[in-house]
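Chemist: structure for this input, please:
(chains A, B and C)
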Amino acid sequence: MRTRSALRAVACAFAVLATSAFAQVKIAYIDPLSGLMAATGEHGLRELEFAAEGINAKGGVLGQKLEIVPMDNKLSPQESLIVLKNAIDQGVHYIVQGNGSSVAGALIDAVNKNNERDPSHAVVFLNYAAVDPDFTNDKCSFWHFRFDANSDMKMEALTSYMKGDKNLHKVYILNQDYQFGHQVARAAREMITAKRPDVQIVGEELHPLAKVKDFSPYVTKIQASGADSVVTGNWGSDLQLLVKAAKDANLKADFFTYYAGVVGTPPALGDSGVDRVKVVTYWNSNAVSPAYEPYIDAYKKKFGATSDPYTGAMRLALTYLTDAMKKANSTEPAKVARAMEGMKEEGPFGSTEMRAADHQLIQPLFVLTFAKAGGALKNTADGTTDYSFKQDIKLDGPATARPTSCKMQRPS
Amino acid sequence: MTRGSRERLVLWAAYAAVLVVAPIVFSKGFALTLLCQMGIVMIFALSYNMLLGQTGLLSFGHAVYYGLGALFTIHALNLGHGKLPVTLMPLVGGISGLFFGIILGYVTTRRAGTTFAMISLGVGEMVAACSLMFPGFFGGEAGVSGNRSTGSHLFGLTFGPQIQMYYLVAAWLLLCTVAMHALSRTPLGRMANAVRDNPERAQFVGYDPQRVRFMMVALSGFFAGVAGGLAALNYEIVTAESLSARTSGLVLLATYLGGMGFFFGPLIGAIVVTLMQTLLAMVTKAWPFYFGAVFLATVLFVPGGLASVAMLHKRLWDTGQVRRAGVVYAAMALPVGLALCAVIALVEMAYHASGDVEGPLRILGRELDANSWGPWIGVLLVLAAASLACRWTWRRVAPRWHEVAQALAAGGAR
Amino acid sequence: MQLFATSLLNGVTYGLLLFMLSAGLTLIFSMMGVLNFAHASFYMLGAYFGYVVSTRIGFYPALVVAPLLVGAIGALVERYGLRRAHASGHVPELLFTFGLAFVIEEAVRLVWGSLPVPYKVPASLDGPLFTLYSATFPTYKAFMMGVSVAMLVALYAGLTRTRAGLVIRAALSRPDMVEALGHNVPKVFMLVFGGGAALAGLAGVIGGNAFVTEPAMAEALGPIVFVVVVVGGLGSLAGAFVASLFIGIVQTFAVAIDYSIVGRISVSQVAPVLPYLIMVAILIVRPRGLLGTRES
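Modeler: Model (predicted):
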């Protein structure tokens, strides 16, 4: 009985492999769909599927529809590789991932090895949110394309704002203990000391990723240091719980974050976050071009009025992908990757370019402050009805670009 | 050659033959990955059974040796700059497993029973927690990556393609199975059994139970390290997860499910668990629940594991009771099958209703709306009816099963 | 000074929560000799039931209803599951509770999904209670401390001053004699198991909204509770109390201290390892724990 059903399942897998290669372009979504970071993973999946539906409704690409295959990696690099192998066996040639630079690093490595050993099963990696700068510098790969500004670019934008901030005197740097957190801490230290030598860095802390349930000990340390500002790259539950603990302990400090707009954090901020919490991001829902408005309206209609499609990188990545496929007139990964290099697209906030040198997308960046909704701020922050983000500065694409040390090896 | 030893030789030959032929039968890429995974878990489970089944030591931290073996192997792979042959890499894992087995074994085997279980849990969690403290060795959140296809390519073997990796795993699996089986027949293995059954008596015979346990822990650490080394080569990445409580739990599940009373039990358990983890996971999102439910059912109703079920049927065959037993099975098949289907339907509907799964629920080609009351009531009624049918049928066939059991007991005294 | 005071308060709160969990576990162990791996799962069930009841009816009713539900489940588990496994021996018993923990976690995922549920602190208890050196101490944490202490007092009173408590304590050390005297010892076991589960459930109701309520919460807290029980001494309530406070305070303080011990490694990085280090040390040096009365 057991063998029979096992064989049946195996046969299904083969059948799927055989038939689907012709009918659809499969895109695997590899991110956490369980555990503490499940909410961010689920949100990304929703946005990816929504964007794919939009493209399929207009006929798909080259006569084929886009099919999204969600795969839970439990935020583990090891699990991600197992899942990648499954995806490749199922005929997937394009993977999308973004939550966790440690996972992204493992995936880039695995994709490189796979494409070298088995070119007929090549895979292209569309990275929508893993922002460790190494992936478009020393660890750059021909098969990897990043659609989010990397953490150095973001810190550059944030510190440009900090240059003019009169209230900034003592800074505490708190981050997650993994490569992304280390990069943010390093960049913060370097750029703050360079642009504001008068500012004192009163503390630096790393905490385990996605494990801390109670941030009150850390908040106590921040208070004890006398900091008036906290710079943090925390995301997901780590930012949510930090903010919650800060509110509980009545911490009077400004927060300079990367991810305050992400699911779960705006509702946790509430009144205590107004005018205090700042975020550097490529998404400003109240400054989209008129052509993009219908997309936001359709998204809100489907998922609720408080839903904010802040992962604009999803739609942008799919746009780049499908246009590259049309340009190459093929869905074969190597050809599509070559076509995608150097492409330019008009994004919701201005023009964007996929830089050929390092596969880093150059796009406009904003620094926003958490504020009360109303008036010009009619699109609210995700999960809330009373709050939104107001714009402090906007930097156009070229102004955010940074030099790269990537020496890309292209397949012949 | 006696009949028994001829039988055994045939079994070993068949085992080796299956290992060689398997990838030819199951040749698609996905199947190969599965076979490699199974092979690694089989070695791991066999090493665990050296402790659980043979020495009576319930350990909740066995993944420590596996994980450390994997880490040392991948570091050796990276540091060796391709000068060391990949075929012998698992030996690095084995030696490090042995090393830590000696150190940790000495510390943990002072006591047995529940105390040992708790110590093993503590040590396991401790080493897993240490992984954050030494990111240089453990690789931090990103783990440690390696490339198995660099290095001296002996006989043109790069180990890049999965099939080459499979044969490496199969070769080590065969070696380790033979070694562990032989070990169970040595005086050490027999004394381990004695220590499991009656430590006081073993002491009277002149063997120090603590010494015996210590040696078994060290040796099982060796084999666990070999499994870890193969895992490092197979996945080309090792994260702190390899040492985690979850991995320890997995091998415990696999070994117990397979049957800790028989040498080949863990082999069956490893295969079943890997299949459930991969194939079942493709069919339904609720697979961990089924996993746990099967385990609980095994603990409560079939404590000997799947191996004991296999052996029971072998005895049925030997004593000629197959036809009678067959009648019982045939009679019970329908009501039990129906009840199982109802339970599965309930579980699947619950998953769909919780919103964890997108898309409608399909059973037998028909769509069921898990959010409305209708299907729930229908399935519950089916379950009730099937349960009643089970009880009714069992009352009818129970006498026949008693006959079978009696015949087994009589025939068993051969 | 502020750091010390706040950390101490936080540590004590956490320690008291640990005590609520470990009290039940140590009682169950001393009575039945089985280390219940599913104990943290009862904690999780308490949190989820608390969430369901507090969103439907209210938080204060949840404080009563949820633990009762969890206790009932615990009693059923003992009657139909554990008793059967006990017949097969020690190892199957442990494995049963191990498998049970797994199944409960999956069942919770089945019903409520993998995402954390929005179990919130009730508005009446939200907000700061007092300010200590410019850091506020939330009212809810004080509430948690209050409930834990009240429960400890009730447990102590119940065990030492009531007749039922007398029977339970007797069955703790001399079950055969108690049975010979005519008491229904299996029923006592069932009640104790259910009671322990109810305690864990209560801890879940009050802890679930302070910390995150999600399916992996049992896995996260489980091992620490074991450490507490083992360090305190298997079978000793007083030991569990001392050990919970000790471990709770040590863990909270360890995070706050930046002092580096060896090279780059600071105390705060060693923090997660400390409880296990202590447990292993105790098991090797003094297996019966700090205040324990008997070994496994």
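
Chemist: switch to C-alpha atoms for all contacts and neighbour counts from now on
Modeler: Fine.

Chemist: ok, now how distant is residue A:341 from chain B?
Modeler: Distance of residue A:341 to chain B, given as C-alpha to the nearest C-alpha, to the nearest Å: 28 Å.

Chemist: show me the beta-bridge partners of the nearest residue to residue A:144 once chain neighbours are set aside.
Modeler: Excluding its sequence neighbours, the residue lying closest to residue A:144 (C-alpha to C-alpha, 6 or more residues apart in numbering or on different chains) is residue A:125, at 4.8 Å. Partner residues in beta bridges with residue A:125, using DSSP bridges, are residue A:95, residue A:144.

Chemist: other SSEs contacting the top helix by length along chain B?
Modeler: Scanning chain B for the helix with the most residues, using DSSP state H, yields helix B:373-412. Applying 3 or more C-alpha pairs under 8 Å, 6 or more residues apart in numbering or on different chains; DSSP states H and E, we find helix B:373-412 packed against helix B:305-318, helix B:322-353.

Chemist: hang on, the earlier thing: in this structure the residue nearest to residue A:144 contacts residue A:143, no?
Modeler: Yes. Using C-alpha atoms under 8 Å, residue A:125 is in contact with residue A:143, at 6.0 Å.

Chemist: so what sits against both of the two?
Modeler: The contact sets of residue A:125 and residue A:143 overlap at A:108, A:111 (C-alpha atoms under 8 Å, 6 or more residues apart in numbering or on different chains).

Chemist: would you mark the buried spots in the longest helix of chain B?
Modeler: B:375-376, B:379-380, B:382-383, B:386-387, B:389-390, B:393-394, B:397, B:401, B:404, B:408 (16 or more other C-alpha atoms under 10 Å in any protein chain shown).

Chemist: just want the residue of chain A that's nearest chain B.
Modeler: residue A:102 (4.3 Å; C-alpha to the nearest C-alpha).

Chemist: quick one: residues contacting the closest residue in space to that residue that isn't next to it in sequence.
Modeler: With sequence-adjacent residues excluded and distances taken as C-alpha to C-alpha, 6+ apart, residue A:102 is closest to residue B:142, at 4.3 Å. Counting by C-alpha under 8 Å, 6+ apart, residue B:142 touches A:77, A:101-103, A:105-106, A:178-179, B:239.

Chemist: hmm, 7 Å instead?
Modeler: Listed by C-alpha atoms under 7 Å, 6 or more residues apart in numbering or on different chains, the contact set of residue B:142 reads A:77, A:102-103, A:106, B:239.

Chemist: spell out which parts of chain C neighbour chain A.
Modeler: Applying C-alpha under 7 Å from any C-alpha of the partner chain, one finds that chain C approaches chain A through C:2-3, C:7, C:114-115, C:127-128, C:135-138, C:211-212, C:216, C:252, C:255-256.

Chemist: lowest average pLDDT across the helices and strands packed on helix B:373-412?
Modeler: Ranked by mean pLDDT, these bottom out at helix B:322-353, with a mean of 83.

Chemist: anything in that helix near chain C?
Modeler: Yes. Judged by C-alpha under 7 Å from any C-alpha, helix B:322-353 comes into contact with chain C through B:350-351.

Chemist: mind listing what's buried in that helix?
Modeler: Under 16+ other C-alpha under 10 Å, the buried positions of helix B:322-353 are B:322, B:325, B:328, B:332, B:335-336, B:338-339, B:341-343, B:345-353.

Chemist: stretch B:127-139 too?
Modeler: In stretch B:127-139, counting by 16+ other C-alpha under 10 Å, buried: B:127-133, B:135, B:138-139.

Chemist: how far out from the middle of the chain is it?
Modeler: Its chain's C-alpha centre and that of stretch B:127-139 lie 26 Å apart, by C-alpha atoms, centre = their mean, to the nearest Å.

Chemist: kind regards, and thank you for your time.
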